[in-house]
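**Q** Turn this into a structure:
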Amino acid sequence: MTTIGILGTGHLAEFLIRGAAGKGFGFLVAPSRRAKTLGARPDVTLAASNQQVVDGADLVLVCLPARDGLAILQTLRFHAGQSVLSAMAGTRLAPLAAAVGPAAAHCTMMPGHANAYGAGPCLLYPADPAWHAFLATLGPVHGFTDETAFVTATAFGALSGASFFLMDSLTRWFAANGMDGSDARRLIAETLIGNATVLLNETASLAEITPGIATPGGITEALVRALGAKGALDAWHPALDIVLTRVRGES
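**A** Model prediction:
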């Protein structure tokens, strides 16, 4: 069994531990209130300190708060042969490598909650076989060789979170118009899963697919037109621009 040390035991760490359960990994976690609960799991061992986590694992996953994560890493002693994977939002490779040297540095991003069910995509930069094997237990892995492309892709973390607010809004609309809330929630989730399946499997471009979906005079065309008139679809671009500015460290 491969042992992964985890620094930072918030919700993300819990989701990743759940997603990797029974897949050949054990976890060494730093002390915290949540760590006490996680410590009841057979695949989790409690450490006495962050340094003990680092000392006890060749693979170290960093789930610390982004605002002070690098500062915490700089207080720890890493050794050659270790590999550190940062899941901290906005982390760039060069400062991470400087903080954890002589260990190797890698960056990732994932949605979190979906990974608990093995259904969320994970990003990995740069490539590494050991980390790829771990992330593959949590969902599809997208590897990057270019940091600019990786940083842009990390904006999907905010998109993932925002999608829950969209689904909540849609669920409330259906419930307000006479549908049972639980049924509405399931119907919306199944609809989005079905459409995502089309996107993953069809070779045709979206430009080729959409005309057949929004037929003239149909209800889809009416909804899309109404959303367009409100700027609801185009509003996603400037909103994501704000996220991209954040993950690039420009604000």
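
**Q** Which strand or helix spans L28?
**A** Element membership of L28 [criterion: DSSP states H and E] is strand 25-29.

**Q** Show me where this structure has its strands.
**A** Remark: strands assigned in the chain by DSSP state E are 2-7, 25-29, 44-46, 59-62, 83-86, 104-109, 122-125, 141-143.

**Q** what's in contact with stretch 241-250?
**A** With contact meaning Cβ atoms under 8 Å, 6 or more residues apart in numbering, stretch 241-250 is reached by A89, G90, R92, V151, T152, T154, A155, A158, L159, S251. C-beta: built from backbone N, CA, C; applies to glycine.

**Q** so which pair among those residues is furthest apart in space?
**A** Farthest-apart pair in these is R92 and L159; separation 20.3 Å (Cβ to Cβ).

**Q** So for these two, which sits in the more crowded spot?
**A** Higher neighbour count among R92 and L159: R92, with 17 against 14, using other Cβ atoms under 10 Å.

**Q** pretty sure that one contacts F150?
**A** No: if you go by Cβ atoms under 8 Å, R92 and F150 don't touch, sitting 9.6 Å apart.

**Q** got any residues that touch both of these two?
**A** Listed as contacting both R92 and F150 by Cβ under 8 Å, 6+ apart are C107.

**Q** any idea how far V224 is from the spatially most distant residue from the centre of the chain?
**A** Centroid-distance maximum for the chain: G217 at 38.8 Å, with Cα atoms, centre = their mean. Separation of G217 from V224 (Cβ to Cβ, to the nearest Å): 13 Å.

**Q** Please apply the same query to A130.
**A** Remark: distance between A130 and V224 (Cβ to Cβ) = 45 Å.

**Q** and what of A196?
**A** 18 Å.

**Q** Of these two, which one has the most company?
**A** V224 (16 against 10).

**Q** Skipping its backbone neighbours, what lies nearest that one in space?
**A** Among residues not flanking V224 along the chain, A214 sits closest, at 5.5 Å (Cβ to Cβ, 6 or more residues apart in numbering).

**Q** That neighbour contacts L227, doesn't it?
**A** No: under the criterion of Cβ under 8 Å, A214 is not in contact with L227, lying 11.2 Å apart.

**Q** mind listing the helices for the stretch 151-251 of the chain?
**A** With helices called from DSSP state H, counting those that start in this stretch, the stretch 151-251 of the chain shows them at 156-176, 181-201, 206-213, 219-229, 236-247.

**Q** Which one, of those helices, ends up nearest to F134?
**A** Among the helices of the stretch 151-251 of the chain, helix 156-176 sits nearest to F134 (Cβ to Cβ), with 18.3 Å.

**Q** Contacts only, for the most centrally placed residue in the chain.
**A** Central residue of the chain (Cα atoms, centre = their mean): M110, 1.6 Å from the mean position. Neighbouring residues of M110 by Cβ under 8 Å, 6+ apart: L12, L16, A87, G120, P121, C122, L123, L135, L138, G139, G157.
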